[in-house]
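Engineer: I would like to see how this sequence folds:
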Amino acid sequence: MRIALVHTLLFVAGGAERLAIEAYRALEDLGHDVDLYAAYVDERAWQILTSDMGDVPRPRVLGAPPISKLLRNAMTLRSLLAASLLRGPIRELRSRYDLIIETQSNVPVGWADASYVHFPLAGLLNFYDKNQYRLRLYERAYNALVVRVAGALADRARPVMTNSSWTAEYIKRTYGNDRVYVVHPSVNVEELSTLSYERGKIVLTISRIDLGKRVAEIPKIARLVPEAEFYLVGTTGPSSGPALRAIEEASRGLRNFHLETDVPRRRILELMSQASIYLHPPFAEHFGIAIAEAAAAGLVPVVYRDGGGWTDIVSRIDKGLGYTSVEEAALTIKSLLNDPGRLKALSARAREVAKGFSYERFKERLNEVISSLSPDVSTK
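Structural biologist: Numbers count the residues shown, from 1 in each chain. Next comes the predicted model:
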């Protein structure tokens, strides 16, 4: 089939963007003729994403609406407005493609035949409000506007792909979609499984640098485990400023905490080959490619006891690897570092679980979903 993959706004080098690229590769490998599109592409983010991929063509730019460009720091609203105004350009593309898939706006948009929703926007904002932190009045007003725009854009009859069984339940509750397919993101199991087994007392965290990810909690955990070295590695974007300031404040005076931003892939692999434990911030990750990659590399993941990263990955390794507070995370890490035998056994188990997230499995599952969408395409 002729397939258009549309990642509405490519402005950060995160998991959603990597998934879009992996979907492009997989669909090409399956024999489809695929083109990448975006309303906007940040050159820096694109270079970071594709630094280890020489065969991915730059997305064709459809053009972001002027009002979207004015909302530089209101990323969610900017994305929704761009998606809303893509109806016209997509209509012009429709005659050239059998299938159009959208991978960024987190809404089952009506102009696409299917969407990959990493987490439903309305559900996400309500989740933050109730479970993550107390919001100020202007933040609540902004979120209410986002939910309103997302609701107007959503088409509940459209098929949805998503990243975990945990996220699938939120999508069903938020949008009422009957056709929700779990397509776990892929990790390079072959590359990561070759990394060294000789590891030190190093705890690694990989995350986008954003307040919503609660990355400022990592140095607080590091303060409670002085016998280990903690590395927080992450990509930054226009909204990273407050998170960077919060990290600086939380890590003041710490000698065992290290922050590295926007590093190349080879640096991440170097740290993965040295670390024993992967620590994810206390955030209910929808899936967590970084968690799956760490498991594939043999790091023992310690994650927040909620979200797809917990239900679909870490709970299958060992149910004792979840935490709900900074103190519990610190105690779990201390226990692991003091028990080399258990650490080694869990490392082997992590690698085994991660095999289920290989590129080949991702490609197989994507093929199953694309095949199930064929009747919809044939009746358009």
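
Engineer: quick one: Leu9 from Ser79, how far?
Structural biologist: Per Cβ to Cβ, to the nearest Å, Leu9 is found 5 Å from Ser79. C-betas here are computed from N, CA, C, even on glycine.

Engineer: More neighbours: which of those two?
Structural biologist: Ranked by neighbour count (other Cβ atoms under 10 Å), Leu9 and Ser79 place Ser79 first, with 26 against 22.

Engineer: Need the pLDDT of that one.
Structural biologist: Looking at Ser79, its pLDDT stands at 85.

Engineer: circling back to that earlier point, any residues in contact with both of Leu9 and Ser79?
Structural biologist: When contacts are counted by Cβ atoms under 8 Å, 6 or more residues apart in numbering, Leu9 and Ser79 have Gln104 as shared neighbours.

Engineer: Below-threshold pLDDT in the chain: ranges please.
Structural biologist: Residue ranges of the chain with pLDDT under 70: 52-54, 64-73, 122-135, 197, 375-380.

Engineer: domains of it?
Structural biologist: Listed domain ranges for the chain are 2-186+358-378, 189-355 (source: automatic domain parsing).

Engineer: Tell me where the stretch 101-250 of the chain has helices.
Structural biologist: 121-127, 137-153, 165-175, 189-192, 217-224, 241-250 (DSSP state H, counting those that start in this stretch).

Engineer: Can you name the next helix or strand after the last one?
Structural biologist: Spelled out, it's helix 241-250. Later in the chain than helix 241-250, the nearest helix or strand by DSSP states H and E is strand 257-261.

Engineer: Show me what that following strand pairs with in its sheet, parallel or antiparallel.
Structural biologist: With DSSP bridges as the test, strand 257-261 is paired with strand 229-234 (parallel).

Engineer: Can you give the distance of the longest helix belonging to the chain from its chain's centre?
Structural biologist: When the chain is parsed with DSSP state H, its longest helix is helix 359-378. Distance, stretch centre to chain centre, for helix 359-378: 21 Å (Cα atoms, centre = their mean, to the nearest Å).

Engineer: got the contact list for it?
Structural biologist: For helix 359-378, contacts defined as Cβ under 8 Å, 6+ apart pick out 1, 3, 22-23, 25-27, 29-30, 32, 98-99, 113-114, 159, 161, 181-189.

Engineer: Separate out the buried members of these.
Structural biologist: Among the contacts of helix 359-378, those classed as buried by 16 or more other Cβ atoms under 10 Å are 3, 22-23, 25-27, 30, 32, 98-99, 113-114, 159, 161, 181-189.

Engineer: In space, what's closest to Ala329 - neighbours in sequence excluded?
Structural biologist: Tyr323 (4.1 Å; Cβ to Cβ, 6 or more residues apart in numbering).

Engineer: beta partners for that neighbour?
Structural biologist: Here Tyr323, judged by DSSP bridges, has bridge partners Tyr304.

Engineer: so who does it touch?
Structural biologist: Counting by Cβ under 8 Å, 6+ apart, Tyr323 has contacts 282, 302-305, 329, 332.

Engineer: Which one (most neighbours) among these?
Structural biologist: Among the contacts of Tyr323, the one with the most neighbours (other Cβ under 10 Å) is Val303, at 28 neighbours.

Engineer: check contacts around the closest residue to that residue other than its chain neighbours.
Structural biologist: Nearest in space to Val303, with sequence neighbours left out and distances taken as Cβ to Cβ, 6+ apart, is His280 at 4.2 Å. If a contact means Cβ under 8 Å, 6+ apart, then His280 has 205, 207, 288, 290-291, 301-304, 309 as its contacts.

Engineer: Then Ala228?
Structural biologist: Counted by Cβ under 8 Å, 6+ apart, Ala228 has contacts 201-203, 222, 256, 277, 333, 337.

Engineer: Of these, just the buried ones, PyMOL syntax please.
Structural biologist: The command below creates a PyMOL selection of those among those that count as buried (16+ other Cβ under 10 Å):
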select buried, resi 201+202+203+222+256+277+333+337
